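>>> Sequence plus the predicted model coming up.
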Amino acid sequence: MTEYLDQYQIPKAAELLKKGKLVAFPTETVYGLGARADSDNSVRRIFEAKRRPSFNPLIVHVPTLEEAQEIAIFDPLSLKLARELWPGPITFVVPLKRNNTISTFVTAGLDTVAIRIPNSKIALSLLKLVGAPIAAPSANLSGRISPTLASLVLRNLGGKIDAILDGGRCIVGLESTIISINPLEILRPGGITTDYISKTFELNIPYNNEIKKIKAPGQLKSHYAPAASVRLNALSPLSNEILLGFGKTTNATLNLSETSNLSEAAQNLFSMLNDMDEIASNKGLNSIAISPIPNFGIGLAINDRLTRAAAPRP
Ligand code: TXA
Ligand code: MG
């Protein structure tokens, strides 16, 4: 049984996490599936519930920079970026401190750790109440679409996790940007655009879309996949398709943003992909066509997710 908790039951959610239970909770990006990052058993249960390969490390969530510095080493550049961008939709991959309490299952044995402070009141008060670092991947089955609503978490993981804390719809709608510091590189485009980071801090940050070795398996070619197949840059639907539109589109079943607003499209992306999947299946159709999305700003992160949603399945 998965216990349903509303936003007034943060203390209950904290108590369950403290005891080592699995609790899904909202962040500004997507819902996370949380468990104590300092408990091997709890972290192992995350991998089981999601059917996630054990080589794919998790993000650790903390409420303050001081707590992040107890776990990992922040050099002057990462400190500067963290001070400006946290709390927010950005995850830093930084070297683990030698005497840390993080389970090796969290990092998949790497000597770096992915860490972030989410910009969500509910998540922050939950993390403060728990008082321990919380490992939390997106709260979906591995390879599937990340959930931006509590109902979508329950559809994926209901019965497999101990509780879900409902905080309504996630504001950003896409996962955090992942940046590694040494070497400086964007591992996953996300909630904070590369443009914004490079301009604000006068940095030249490469994004390596080539999958050399799996640094961030959110980079796996097929990921974020609905059950139906996906066709990108479609101007109109074929006979076996329904169209997910963007901007002024005729024949769209749903529209990511009628006013061509990329932030609105990001917020709608995952829940609409889920809805489109359901509509397609009810109509006996097997493919979702998607309008072209401009490839700048957060459009880059949207297209990154869509390309993986459309990739051939393993
Ligand atoms: O917005 C988000 O980041 C959400 C919310 C819940 O915080 N979390 C999330 O977690 O998207 P997940 O597990 O779905 O994606 C985490 C990504 C994975 O692609 C993983 O490979 C990468 O972070 N990652 C974790 N530790 C890493 C490390 N030490 N080095 C490189 N990549 C790492
Ligand atoms: Mg994920």
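Right, received. Where do you want to start? Every value quoted in this text rests on a predicted model; they were computed, and no experiment measured them. Numbers count the residues shown, from 1 in each chain. Ligands and ions are numbered 1, 2, ... in the order given.
>>> Tell me where the model's unsure across this protein.
Along the chain, segments meeting pLDDT under 70 span 208-222.
>>> Now the residue sitting nearest the centre point of it: phi and psi?
Centroid-nearest residue in the chain: residue 175, 3.2 Å away (criterion: Cα atoms, centre = their mean). When quoted as degrees, to the nearest 10, the phi and psi of residue 175 stand at phi -70, psi 170.
>>> Pull the number of nearby residues for residue 125.
16 (other Cβ atoms under 10 Å). C-betas here are computed from N, CA, C, even on glycine.
>>> start to end distance for stretch 150-170?
Distance between the two ends of stretch 150-170: 9 Å, counting by Cα to Cα, to the nearest Å.
>>> how about the CA coordinates for stretch 70-83, as PDB?
The C-alpha coordinates for stretch 70-83 follow below in PDB (Å, rounded to 0.1, in the frame of the first residue of the first chain):
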ATOM      1  CA  GLU A  70      29.600  17.900   4.400                       C
ATOM      2  CA  ILE A  71      29.200  15.400   1.600                       C
ATOM      3  CA  ALA A  72      31.300  16.800  -1.300                       C
ATOM      4  CA  ILE A  73      34.200  19.000  -2.100                       C
ATOM      5  CA  PHE A  74      33.200  22.400  -3.700                       C
ATOM      6  CA  ASP A  75      36.100  24.200  -5.400                       C
ATOM      7  CA  PRO A  76      35.900  28.000  -5.800                       C
ATOM      8  CA  LEU A  77      34.000  27.800  -9.100                       C
ATOM      9  CA  SER A  78      31.400  25.300  -7.900                       C
ATOM     10  CA  LEU A  79      31.000  27.300  -4.700                       C
ATOM     11  CA  LYS A  80      30.300  30.500  -6.700                       C
ATOM     12  CA  LEU A  81      27.800  28.700  -9.000                       C
ATOM     13  CA  ALA A  82      26.100  27.000  -6.100                       C
ATOM     14  CA  ARG A  83      25.800  30.200  -4.100                       C
END
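>>> where does residue 199 fall, helix, sheet strand or coil?
Per DSSP: H, G, I helix; E, B strand; the rest coil, the secondary structure class of residue 199 is helix.
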